[in-house]
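Asker: okay, predicted coordinates and the sequence, questions at the end:
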Amino acid sequence: QYMEEGVCYDCQAHHIVVIVLVAIAGVLCLLYLAKASAMALTTQNPQMTIFVMILGQLLTFLQVSAAIGKLPINWTTPFLHFINILSYLSLGVGALKLECLKLGSDSQAFSFQVLIPLALVAILIIIFGAAKAARPRMVVFNTFTNSIGQLALTLYITFTLTALVPFHCYGHPNGESSVVQYPQVRCNNDSDHATMVAVGIVGFLIYPAFTVCLVLFAVWQYPKKIVSADLNFVQRFRFVFFRWSPERYWFGAIVVLRNLLLPVFPMTIPEGAADVTAVILLLWLNLVLLAIVMYMPWRQNELNHTDICMNFILVSTLAIGSMALTGSKTLSQSLNTFLFIIALFVLLLALGIALHQLVKAWSKQATYAVFLSHHKGAGACAARLLKYMLQKELRKPIFYDCDDLVSFSGIFTAVKQSRCLLVMMSGETLCRPWGAGEIVTA
């Protein structure tokens, strides 16, 4: 049996099937993660990269929604069903009904959940061990650390919510309290709860706390390592920086701190102070949204736009839901319908953009016919004239950085999106690092 909202239900065969399918899908995702981490940035398809990153944004959106769902907000249909579906899709272990595996006592079942991230790391070790055995000269350490870091950041909120389960309690009329996910376990008055608290603290230190310290350390060291040309450091911590434009390398620290605090507050602050939790979360989400709008930190503009939309929906959901915190007050049907419509619209829009990028990646359609590589000191005027002549002759887009480049972080992406690279060899072309990088990328 498993318990949901205080009611016991019998386990069915489909619960076991779902657990098995999720496990198989998880292994396949780890294989793709290992392969993607081994690829050089210059060989990655930019459209496929945008597709994968939007999926990552959607997964983060689902996890943040699950964290907001820990607040005692009295939703009504249709948004109630919508947020429940989002909680199931967030890959939270509580949604998988692991109790159906008959893992023993509640503390043993919780310990099994906390060990799941270590099991994922063990699978990655097996994958890279097999790769090293097949190709002995392959350098796997940096790729391995990148895979683990990417896994930790992708499922960061889910891991944090899992570790904090023993601290999320609700009160009874007699003054006692129980763990929300395990109502039969009494908080602070049960040996099972003491064991769960100890396991949860260890899990929190190993996963969320260690990860945030590692990211902050990498961001702190980044300027120094870049000046000293420490390529090993850059490759080892690529999972921290590759999403962001070079000027906004530090934005990973803001995101990981957001993802740490969002689950910590609703899981640890008592239910009676839910209004305080909602205010803190609203302020924090608004600050992060403001930072995204001000700095536009993602490497591609499409990712900035989808991230802004998703954060706007999260802020709107929490702001409107705060009107129905605790008590018997519920949101009106019209407000619930409004939230459902705008949230569904943004999710479908993000999925549409992701699928559009996937189609472009599969079709291998070039955005530009020619990329003009030149040295501005000696070839700017000639490049301008050549662009005019090529456009007149080819009648297709020609990339010329003065006209088409928004940020230097996108220059190598533009090379990969061009059908051919035309290098104008002036005296200093090969002395210019951007020119050399364009040739290497092509």
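Answerer: Received the coordinates, thanks. Numbers count the residues shown, from 1 in each chain.

Asker: show me the shaky parts of the chain.
Answerer: Scanning the chain for pLDDT under 70 picks out the ranges 1-10, 12, 14-15, 40-43, 88-103, 137-139, 326-329, 364, 406-409.

Asker: helices of the stretch 101-250 of the chain, start to end?
Answerer: Shown for the stretch 101-250 of the chain, the helices assigned by DSSP state H, counting those that start in this stretch span residues 106-134, 141-154, 156-163, 191-204, 210-227, 231-236, 238-241.

Asker: name the helices or strands packed onto the first one?
Answerer: Read that as helix 106-134. On a contact count with 3 or more Cβ pairs under 8 Å, 6 or more residues apart in numbering; DSSP states H and E, helix 106-134 meets helix 13-38, helix 141-154, helix 156-163, helix 191-204. Every C-beta, even on glycine, is put in place using the N, C-alpha and C of the backbone.

Asker: between the helices of the stretch 101-250 of the chain, which one is nearest to Ala324?
Answerer: Closest approach to Ala324 among the helices of the stretch 101-250 of the chain is made by helix 156-163 (22.0 Å; Cβ to Cβ).

Asker: so the closest one versus helix 210-227, what angle?
Answerer: 150 degrees (axes from the mean of the first three to the mean of the last three Cα atoms, to 10 degrees).

Asker: which other helices and strands does helix 156-163 contact?
Answerer: Counting contacts by 3+ Cβ pairs under 8 Å, 6+ apart, helix 156-163 packs against helix 46-68, helix 106-134, helix 191-204, helix 251-268.

Asker: got the CA coordinates for stretch 392-412 in CSV?
Answerer: The C-alpha trace of stretch 392-412 is given here as CSV (Å, rounded to 0.1, in the frame of the first residue of the first chain):
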residue,chain,number,x,y,z
LYS,A,392,23.3,40.5,-54.4
GLU,A,393,24.6,37.4,-56.1
LEU,A,394,23.4,34.6,-53.8
ARG,A,395,20.2,36.3,-52.5
LYS,A,396,20.8,34.5,-49.1
PRO,A,397,21.8,35.8,-45.6
ILE,A,398,25.5,36.6,-45.2
PHE,A,399,27.0,36.8,-41.7
TYR,A,400,28.9,40.0,-41.1
ASP,A,401,29.7,40.6,-37.4
CYS,A,402,29.1,44.3,-37.5
ASP,A,403,25.5,43.7,-38.7
ASP,A,404,24.5,40.4,-37.2
LEU,A,405,26.5,39.8,-34.0
VAL,A,406,24.8,40.6,-30.7
SER,A,407,27.5,39.2,-28.3
PHE,A,408,30.9,37.7,-28.9
SER,A,409,29.6,34.6,-27.2
GLY,A,410,27.5,33.9,-30.3
ILE,A,411,30.2,34.2,-32.9
PHE,A,412,31.2,30.5,-32.9
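
Asker: for that stretch, the distance to its chain's centre please.
Answerer: 30 Å (Cα atoms, centre = their mean, to the nearest Å).

Asker: residues contacting that stretch, please?
Answerer: 41-42, 245-247, 299-301, 367-372, 380, 383-384, 387, 390-391, 414, 418, 434, 437-438, 441 (Cβ atoms under 8 Å, 6 or more residues apart in numbering).

Asker: returning to that earlier point: let's have the helices and strands packed on helix 156-163 in a markdown table, adding distance to Ile341 and mean neighbour count.
Answerer: Output for those, formatted as a markdown table (distance: least, Cβ to Cβ, whole Å; neighbours: other Cβ atoms under 10 Å):
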| stretch | distance to Ile341 | mean neighbour count |
| --- | --- | --- |
| helix 46-68 | 16 | 22 |
| helix 106-134 | 35 | 16 |
| helix 191-204 | 37 | 18 |
| helix 251-268 | 24 | 20 |
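
Asker: of these, which is nearest Leu231?
Answerer: Per Cβ to Cβ, nearest to Leu231 of the helices and strands packed on helix 156-163: helix 251-268, 18.8 Å.

Asker: between whatever helix or strand comes next after that closest one and helix 46-68, how many degrees?
Answerer: Per DSSP states H and E, the first helix or strand lying C-terminal to helix 251-268 is helix 274-295. With the same axes, to 10 degrees as the basis, helix 274-295 and helix 46-68 are set at 160 degrees to each other.

Asker: got the CA coordinates for the next helix-or-strand element following helix 274-295 in CSV?
Answerer: Sequence order places helix 301-321 as the next helix or strand after helix 274-295, per DSSP H and E. This file holds the C-alpha atoms of helix 301-321, laid out as CSV (Å, rounded to 0.1, in the frame of the first residue of the first chain):
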residue,chain,number,x,y,z
ASN,A,301,18.3,34.8,-26.8
GLU,A,302,15.7,32.1,-27.2
LEU,A,303,16.7,30.7,-23.9
ASN,A,304,16.5,34.1,-22.2
HIS,A,305,13.0,34.6,-23.5
THR,A,306,11.8,31.1,-22.4
ASP,A,307,13.4,31.5,-19.0
ILE,A,308,11.7,34.9,-18.5
CYS,A,309,8.3,33.5,-19.4
MET,A,310,8.6,30.5,-17.1
ASN,A,311,9.8,32.6,-14.2
PHE,A,312,6.9,35.0,-14.8
ILE,A,313,4.4,32.1,-14.6
LEU,A,314,6.0,30.9,-11.3
VAL,A,315,5.8,34.4,-9.8
SER,A,316,2.2,34.8,-10.9
THR,A,317,1.2,31.4,-9.6
LEU,A,318,2.7,32.0,-6.2
ALA,A,319,1.3,35.6,-6.0
ILE,A,320,-2.2,34.5,-6.8
GLY,A,321,-2.0,31.3,-4.8
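
Asker: what angle do helix 301-321 and helix 251-268 make?
Answerer: Using the same axes, to 10 degrees: helix 301-321 against helix 251-268 is 20 degrees.

Asker: roughly how far out does whichever helix or strand comes after helix 301-321 sit from the chain middle?
Answerer: On the C-terminal side of helix 301-321, the closest following helix or strand by DSSP H and E is helix 333-363. Helix 333-363 has its C-alpha centroid displaced from the chain centroid by 17 Å (Cα atoms, centre = their mean).
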